[in-house]
Every structure is written in C-alpha cells, then in structure tokens.
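Peer 1: Below: sequence and its predicted model.
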Amino acid sequence: MRPTWPTRPLRTGAAAALLAALLFALLPTAPAAAQAAEAAPKVALSQSEGGKGGELTVSGSGWKPGALLMLLICGQSAPGKGVIGGTNSCANTEGRAATVDAKGAFSQKLPIAGPPKPCPCVVHVAGVTGQQGSVDVEFTVAGHPTAPLPEPTGGGRLAVLATVRLEGSGGVLVWFGAPARREVVFTVGNLGPTPVKDPVFEVGSSHGVFSPQYEERQWRGTLAPGRKALIRLPVELTAGAHGDYQVSVRYGGKVLVEQPWGVGRPWGVTLFWLLLAVVVPAALFRIGMAVVDRTRPAGRRRQRQHHHRVPDRAPVPVPPATAGDEPTAVLPWFTPHSAPSENSPTTKGQS
C-alpha cells in the first residue's frame with residue numbers, strides 16, 4: 001500500500017515562499033523609484049505674482065551639476081502645455097542665465113517684465129548646455145493683458161521626405177575668421193490629420209563630443225494634412241570656427257535632420273599674424289633708431305655728420321709743358337727790369 005503525502009500544506013508553503021520572494025524583489029525598487037522621482041528637476045518661485053519692474057527669485061533642485069540654464073517669463077503659456085509659439089512669446093531681453101552648482105541646485109534673481117504675448121504666463125526654465133528639458137511654473141504678471149490660450153494644433157506630424165543639404169558658400173571674410181553661414185534645406189510632409197501653422201523648428205550645431213546648442217527658427221506658413229513644403233532655415237557658427245561640425249534640426253523635441261558640415265581653417269588670420277610679427281618689430285626698430293639719433297649728444301652728432309660729409313673736389317693738376325710746345329706769352333706787359341721807378345723816370349714824351 002502506497003503512503004499518502006499531505007500535498008495541500010506543501011502547495012500552501014510554496015505559494016507563501018513565492019509571495020515572499022516577490023515582496024523582497026519589489027522592496028529595493030521602491031526606494032529607487034522614489035529617488036528617481038526626487039531627482040526630477042524642480043523649480044520654485046519666491047512669489048507667484050508681481051508687477052512690472054519688480055524682481056523675483058527663482059530657485060531649483062535636481063538639475064545636472066554644471067548645467068547652464070535659461071530663465072524667462074513667457075506669455076501664452078501654461079504648465080503642462082508648454083510655451084506656445086516658442087521663445088517668441090517670452091521677454092527675452094529680460095532673461096537671465098543660471099549655472100547649477102555641484103549639488104544640482106541654483107538660485108537666480110529674475111526681473112519681472114511683460115512678455116510680448118498676453119497671459120496666462122509662466123517662468124520658463126530650460127537647459128542650454130549640459131542638460132536637456134525644461135520646467136514651467138505658473139506666474140502672474142500684474143497689470144498684463146490676458147487672453148485664452150489658442151486652440152492646440154498638435155495633431156499634425158511632420159516628417160522629412162527628401163535628402164537634406166546645406167546651401168551657401170563662405171566669402172572672403174570667412175577666410176579671415178568671420179562667422180560661417182549656411183542654409184539647411186529639407187522637405188517635410190504633414191502626416192497628421194490636422195494642419196500645422198507656423199511651425200517652430202530648433203536648429204543647432206555641435207562640434208566633437210559637445211551637444212548641440214539649439215536656437216529657434218520659425219517657418220511662416222500653414223502645412224495642410226498630406227501636403228509637403230520646402231523648408232529653409234539659416235544656421236551660423238561662431239567667429240573663427242573650423243573643423244567638422246554637425247547641423248541638427250528638431251521639431252517637437254524630436255530630431256528630424258542631421259547633416260555634417262566641414263569648415264575650413266581661416267588661414268587669413270594666420271597670414272595676418274605672420275605679417276604682424278614681421279612688420280611690428282621692423283617698425284619698432286626704426287622708431288628706436290630715430291629716438292637714439294635724436295637723443296645723441298650734439299658734439300657726437302656733428303662729428304657723425306662731418307664724417308659722412310662729401311669732401312670737396314681737388315683741383316685738376318695741369319700737366320707741365322714739354323720741349324716741343326710753343327712758349328706762352330709772359331704777363332704782365334712790364335717785366336721787372338722795365339717797370340718804372342723813382343730812380344728811372346719814364347721816358348714817355350721825351351723824344
């Protein structure tokens with residue numbers, strides 16, 4: 001007769017052990033999730049409302065150490081919806097920059113100014129270098145006009161349909177270090193169900209391992225669903241830039257275009273410095289010699305001038321007469337023996 005084993009207690013124990021293992025596996029992830037939530041960038045304002053001409057303090061935490069941030073007051077914006085129209089809706093002239101410290105925090109005073117678009121307004125904090133992303137905090141500019149937010153047109157989806165190219169060429173000034181300029185040209189199509197009006201692209205250039213620094217470029221026009229358009233966006237490098245660069249264009253946080261760009265070295269600058277290194281020492285030498293000559297004592301200067309004076313020409317010697325030459329007449333008319341004197345008066349008139 002085969003023995004019977006208590007199977008139910010075994011099954012219950014196995015289930016309890018499995019549940020305990022799952023609990024132990026999930027416990028370490030909870031602090032990690034909480035730490036990740038705490039590490040998200042945060043922004044706080046010293047006041048939620050202020051009048052034009054005033055000042056508020058913007059502080060933040062959870063940012064990447066060493067990152068450079070841009071602080072702006074923007075109109076036609078709301079948290080969760082972003083800045084409609086890009087930074088064209090912001091008071092750019094009154095913006096400020098802030099650098100994140102080693103602990104991921106920053107604090108910067110920001111002047112209160114009226115943006116070019118009506119409120120609702122936000123304080124827009126965005127990463128320029130070292131960190132991407134942005135945070136918007138609601139802020140009220142006292143006395144500034146208000147208007148409803150425009151209808152969203154986010155149904156449109158843009159996609160690149162043709163090969164990207166860079167157009168333009170550098171002039172003579174670029175050879176001497178002027179900023180190189182090009183136009184990035186590409187064709188986009190609207191794959192969404194709604195039209196896209198005046199889309200705002202972000203154009204940036206990167207060199208080596210550095211991340212692109214984007215600038216907003218707005219294209220004027222409406223792109224209907226299923227239609228395409230040729231986009232031309234200017235891109236410019238800093239003065240004296242040379243080497244291998246990469247131009248990037250993004251829309252809606254998504255990179256649409258990446259195009260390499262090789263920029264030659266500005267040899268005109270090198271030639272200028274070489275000429276300067278030759279001309280300046282020569283000019284200084286000439287000036288120094290002139291100063292030494294001016295400051296020389298008067299006696300030595302006259303001696304130096306006499307030493308360099310051209311001597312007078314010597315008289316040309318007359319060759320002596322030879323035997324074959326005719327005798328020359330003796331002058332004056334009276335010889336020494338025939339000249340009149342007191343003892344021998346003249347016989348003129350005594351004949």
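Peer 2: Done, it's in. Just so it is clear, the model here is predicted, and its values are computed rather than measured. Residues are numbered from 1 along each chain as shown.

Peer 1: Could you list the low-pLDDT ranges of the protein?
Peer 2: Applying pLDDT under 70 to the chain flags the ranges 1-39, 132, 151-156, 209, 298-351.

Peer 1: So for it, which residue is the most central one in space?
Peer 2: Ranked by distance to the mean C-alpha position of the chain (Cα atoms, centre = their mean), the top residue is T238 at 3.4 Å.

Peer 1: Test my guess that it contacts P179.
Peer 2: Yes: contact criterion Cβ atoms under 8 Å: T238 and P179 qualify, at 6.2 Å. C-betas here are computed from N, CA, C, even on glycine.

Peer 1: SS state for T140?
Peer 2: Secondary structure for T140, judged by DSSP: H, G, I helix; E, B strand; the rest coil, is strand.

Peer 1: what about the nearest residue to it once chain neighbours are set aside, how many residues close to it?
Peer 2: Spatial nearest neighbour of T140, chain neighbours left out: E49 (4.1 Å); criterion: Cβ to Cβ, 6 or more residues apart in numbering. When neighbours are defined as other Cβ atoms under 10 Å, E49 has 14 of them.

Peer 1: Can you pull the phi/psi pair for E49?
Peer 2: For E49, the backbone dihedrals (degrees, to the nearest 10) come out as phi -150, psi 140.

Peer 1: Who are the contact partners of the residue lying closest to S134 once chain neighbours are set aside?
Peer 2: What sits nearest to S134 in space, not counting adjacent residues and going by Cβ to Cβ, 6+ apart, is A126, at 3.7 Å. The contact partners of A126, by Cβ atoms under 8 Å, 6 or more residues apart in numbering, come to 69-70, 72, 133-135.

Peer 1: Check which helix or strand A126 maps to.
Peer 2: Using DSSP states H and E, A126 sits within strand 121-129.

Peer 1: Going by residue numbers, what spans are strands in the stretch 101-250 of the chain?
Peer 2: Shown for the stretch 101-250 of the chain, the strands assigned by DSSP state E, counting those that start in this stretch span residues 106-111, 121-129, 134-142, 158-160, 165-167, 181-190, 196-197, 200-207, 213-218, 222-223, 228-236, 243-251.

Peer 1: which strands and helices sit next to the helix or strand just after the last one?
Peer 2: It refers to strand 243-251. Per DSSP H and E, strand 243-251 leads on to strand 254-263 as the next helix or strand towards the C-terminus. Contacts defined by 3 or more Cβ pairs under 8 Å, 6 or more residues apart in numbering; DSSP states H and E place strand 254-263 against strand 158-160, strand 165-167, strand 181-190, strand 243-251.
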